[in-house]
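Novice: this one's sequence-less:
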Ligand SMILES: NC(=O)c1ccc[n+]([C@@H]2O[C@H](COP(=O)([O-])OP(=O)(O)OC[C@H]3O[C@@H](n4cnc5c(N)ncnc54)[C@H](O)[C@@H]3O)[C@@H](O)[C@H]2O)c1
Ligand SMILES: O=P(O)(O)OC[C@H](O)CO
């Protein structure tokens with residue numbers, strides 16, 4: 001019984017890969033490149049095309065197989081190529097991996113709405129909430145395209161560099177269409193990547209967005225050198241706040257304690273490769289936000305998501321002291337030390 005199931009799953013997996021000839025990746029930053037490479041490694045004749053804006057980076061990828069801007073220490077497989085042409089990138093693609101930062105996703109998707117066939121599934125790996133609308137990518141995609149498009153959301157603890165280095169990684173593929181989630185599982189699963197499935201899109205997306213805000217808070221605690229006790233208390237409080245809000249928004253408990261919830265919180269709050277955590281560390285050390293952002297060429301989604309969380313806390317009537325304090329620090333209404341002081345002086349509570 002067990003072996004027959006294993007065999008059947010392997011056969012399906014081969015089928016999805018066998019019938020996939022081309023995947024387009026929107027955004028050739030760190031994670032778009034890493035996920036494109038993860039797919040290219042699955043099958044040597046799979047065409048993985050990165051859609052970029054910078055012709056010089058394209059040239060480097062096509063001529064030297066190196067993404068010189070985002071992952072200059074890694075050689076890409078030869079079946080990863082790059083183009084700046086929307087039409088060329090999308091032509092013949094059976095899946096589209098979306099790795100454009102959330103705040104730029106709407107304009108980008110509007111620009112491709114007329115070119116992307118309506119039956120090509122979008123696999124979004126972007127983690128954040130849109131400023132102004134408060135929407136998740138699962139809402140931004142149909143709203144920007146002006147139609148329903150098959151979509152899946154891949155999330156979980158997954159630093160681009162470690163995916164590139166073939167270090168074991170576990171993610172979750174979420175889709176309201178369970179078959180599409182299973183297809184994504186079969187497309188991405190490898191000896192180096194485990195892929196769980198779920199239909200809890202809201203849970204996966206909200207946890208992926210909120211953990212970036214909590215990681216900034218964890219970085220602040222690190223930057224202020226407040227110690228291990230403070231870090232553990234902060235992360236535990238943040239986990240509770242994420243659970244309170246996510247549950248009110250309809251997330252399932254299994255998602256909150258799973259890879260895209262607790263798993264990604266642990267990675268991003270404690271992992272030194274996190275860009276969001278790094279922003280927090282520098283804020284804690286007293287640097288100005290504008291200087292921190294100017295010094296980096298990579299996105300830290302928590303910086304923009306933090307303000308959206310304040311609105312969600314109001315909308316869902318839930319108190320989120322740590323997550324909303326991050327927004328206050330980013331807005332310059334509080335400095336990092338004042339934020340810690342305020343949180344430590346909140347009324348003592350019963351645990352819930
Ligand atoms: N890097 C990681 O380890 C990682 C892991 C999981 C998820 N993510 C998520 O993936 C998304 C992308 O992150 P990344 O690490 O690749 O970011 P990045 O900063 O390394 O690269 C961003 C990419 O988006 C492109 N881009 C920016 N503005 C654009 C626009 N207006 N139109 C089109 N393209 C635009 C950039 O040119 C670049 O190619 C984020 O939401 C991030 O949270 C990242
Ligand atoms: O580097 P960060 O903080 O954007 O985090 C990257 C991923 O989301 C980790 O799973």
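Specialist: Thanks, I have it. Computed from a predicted structure; not experimentally measured. Ligands and ions are numbered 1, 2, ... in the order given.
Novice: pLDDT weak spots in the stretch 1-150 of the chain?
Specialist: 1-14 (pLDDT under 70).
Novice: which stretches of it form strands?
Specialist: Applying DSSP state E, counting those that start in this stretch to the stretch 1-150 of the chain gives strands spanning 22-26, 47-51, 80-83, 95-98, 122-124.
Novice: Now do the shortest one: which elements does it pack against?
Specialist: In terms of contacts (3 or more Cβ pairs under 8 Å, 6 or more residues apart in numbering; DSSP states H and E), strand 122-124 is packed against strand 95-98, helix 137-145, strand 151-155. All C-beta atoms are positioned from the backbone trio N, CA, C, and that covers glycine.
Novice: What strands line up against it, and which way round?
Specialist: If you go by DSSP bridges, strand 122-124 pairs up with strand 95-98 (parallel), strand 151-155 (parallel).
Novice: right, so these: which one is the most enclosed?
Specialist: With neighbours defined as mean count of other Cβ atoms under 10 Å, the strands paired with strand 122-124 peak in mean count at strand 151-155, which reaches a mean of 28.
Novice: touching ligand 1 at all, the next helix or strand after that one?
Specialist: Next along the chain after strand 151-155, taking DSSP states H and E as the criterion, comes helix 160-164. Yes - applying Cβ under 6 Å from any ligand atom, one finds helix 160-164 touching ligand 1 at residue 160.
Novice: Packing partners of helix 160-164?
Specialist: In this structure, helix 160-164 packs against helix 30-40, with contacts taken as 3+ Cβ pairs under 8 Å, 6+ apart.
Novice: from the middle of its chain, how far away would the helix it packs on be?
Specialist: Relative to the centre of its chain, helix 30-40 is centred 13 Å away, using Cα atoms, centre = their mean, to the nearest Å.
Novice: residues touching residue 115, list them.
Specialist: 86, 87, 90 (Cβ atoms under 8 Å, 6 or more residues apart in numbering).
Novice: mind listing what the second one touches?
Specialist: Contacts of residue 87 were listed using Cβ under 8 Å, 6+ apart, and they are residue 115.
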